[in-house]
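Asker: Curious how this folds, go ahead:
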Amino acid sequence: MQAVMASDFVIAQFRFLTDLLLVHGYWSYLRICKVMDVSASLSKKYPEIYKEGMRIVFFTWRVVAIWAFFSVLQSLVLYHFMAISSSSAQNSSGKSLAYGMSAQWLLLENVYFVIYVLMSTLYFYFTLLFVPVVALLGDFIYQGVQRWFSPYNYQIVQEIHKHEPGDGRTQMLEMEIGNQLTPEEARSLAIAQLHEKYRNILGCF
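Answerer: Okay, here's the model as predicted:
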């Protein structure tokens, strides 16, 4: 009892370790770079997805290199589109409004009404709508190809349950029911609910 009083937190029963390890333990591997990908109930239902976090597959040098590549690519797309469109963004006197006004934008915007001149050109709307699409297109293509040909375990779980409603109260009820099962019963139940081909992918036998 003295150890309990002196500690910062206490785990009252061993069954509560299921949530701590399989739910919060798995989520902690993703909190640095991603949002929550699967619910708490699915994290407990498919404990095999925890292994990807242990192997640090979400934050390797390859992942960082891909992020850096797409960052540079998007920067180049943004720069070149702005450079191309700014050559035609001229006011009524024929002067370009691109580079000279960029440095003084905050101070002289209301004096020279730069934004109104830019909004009167077709290139302003062209860059506003087209640049985000082109800049993000490569990222979306990469994620689609990766998810289709080499999915992570959590992506497989997402595909299995993508048509199910994500009601929080239902998930909490499932967690309470799951806490009443022994570890052997919970694992047997989870494996029994998996389709045969997904058992082989997730490594559950």
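
Asker: can you list the weak-confidence ranges in this structure?
Answerer: Where the chain drops to pLDDT under 70, the residues are 1-4, 8-9, 29-36, 85-114, 165-183, 185-205.

Asker: all helices of it, in order?
Answerer: Per DSSP state H, the chain carries helices over the ranges 2-6, 17-18, 26-30, 40-45, 50-54, 61-86, 99-102, 105-112, 114-119, 122-149, 153-160, 168-179, 183-192, 196-202.

Asker: got the phi/psi numbers for His163?
Answerer: Dihedral pair for His163: phi -100, psi 0, per degrees, to the nearest 10.

Asker: Quick one: neighbours of it, just the number.
Answerer: 6 (other C-beta atoms under 10 Å). Any C-beta I mention is one placed from the backbone N, CA and C, and that applies to glycine too.

Asker: show me the residues around Ile66 that make contact.
Answerer: By C-beta atoms under 8 Å, 6 or more residues apart in numbering, the contact set of Ile66 is Tyr142.

Asker: The one 5 residues further on now?
Answerer: By C-beta under 8 Å, 6+ apart, no residues touch Ser71.

Asker: Tell me the spacing between the closest residue to Leu136 other than its chain neighbours and Val134.
Answerer: Of all residues not flanking Leu136 in the chain, Gln74 sits nearest, at 7.3 Å (C-beta to C-beta, 6 or more residues apart in numbering). From Gln74 across to Val134, the span is 9 Å (C-beta to C-beta, to the nearest Å).

Asker: Would you mind telling me which of the two has more residues around it?
Answerer: Between Gln74 and Val134, Gln74 has the larger neighbour count (other C-beta under 10 Å), namely 18 against 14.

Asker: ok, the more buried one to Asp37 distance?
Answerer: Distance of Gln74 to Asp37, given as C-beta to C-beta: 23 Å.

Asker: How about Ile160?
Answerer: Computed as C-beta to C-beta, the Ile160 to Asp37 distance reads 13 Å.

Asker: before we move on, what about Ile56?
Answerer: Between Ile56 and Asp37 the distance is 16 Å, computed by C-beta to C-beta.
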